[in-house]
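Colleague: this one's sequence-less:
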């Protein structure tokens, strides 16, 4: 269970955060939330697909594996990709909103959090370290990026551009795997959209994100290769 509290330099003056990557630090993630402005960088590494939330909305995610708890990018204590989703990079910090004010919180139950190892969050006299300033920038970029998700996915739904898919995988050892419950861009439907609709999508900044998401699906082949090496 998460235990988020408002970050402050009195109660958390000795707080340190481990920045290494590995399952011990909570990186054994199958996927991570992303947003349209991030697709440009993430599509070089990860398949970007969509999932339905409990309230029936849709959200884009970057895939790291084919089953819960599997991150095929973790390799001997390192993350084998140059770009991480900001929703992963910001951990163990998160943003809380009070009215119009954004406030940084920290999950004290996150395995990265401690007082003896890792990057210090505050300076001895109470000021922010460079590490915390970098996390503040990451959190702000993530918060701003996530504001676009609802409009983006609504535009996809309005134009019937999301379709469910099932991905069956046979590994080199003969084992069968299936990825289901996700959605991707319907390329045939996209090709049928008229110029006016495409212009609206482009003006909203969504068209490039759509093509980046489509291009990212080529990473499924590399993800299968990673799975075969693990097997």
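Modeller: Yes, it's here. Just so it is clear, the model here is predicted, and its values are computed rather than measured.
Colleague: which parts of the lengthiest helix in the chain are buried?
Modeller: Secondary structure of the chain per DSSP state H: the longest helix is helix 130-146. Using 16 or more other Cβ atoms under 10 Å as the test for burial, helix 130-146 gives 131-132, 135-136, 138-139, 141-143, 145-146. To be clear about C-beta, it is placed using only N, CA and C from the backbone, and glycine gets the same treatment.
Colleague: Kindly report the same for stretch 27-46.
Modeller: By neighbour count on 16+ other Cβ under 10 Å, the buried set for stretch 27-46 is 27, 29-39, 41-43, 45-46.
Colleague: Keep only those of those that are in helices.
Modeller: 39, 41-42.
Colleague: Which of these sits closest to residue 79?
Modeller: For these, the closest approach to residue 79 (Cβ to Cβ) belongs to residue 42, at 12.9 Å.
Colleague: ok, so of the ones in helices among the buried residues of stretch 27-46, who is nearest residue 197?
Modeller: residue 39 (19.8 Å).
Colleague: Isn't that closest one up against residue 207?
Modeller: No: counting by Cβ atoms under 8 Å, residue 39 stays clear of residue 207, with 11.5 Å between them.
Colleague: which residue ranges form the helices in the chain?
Modeller: 39-42, 86-89, 130-146, 149-158, 187-192, 195-203, 206-216, 219-230.
Colleague: And the residue lying farthest from the centre of the chain, how close does it get to residue 13?
Modeller: In the chain, counting by Cα atoms, centre = their mean, residue 125 sits farthest out from the average C-alpha position, at 34.2 Å. Distance, residue 125 to residue 13, by Cβ to Cβ, to the nearest Å: 10 Å.
Colleague: Kind regards, and thank you for your time.
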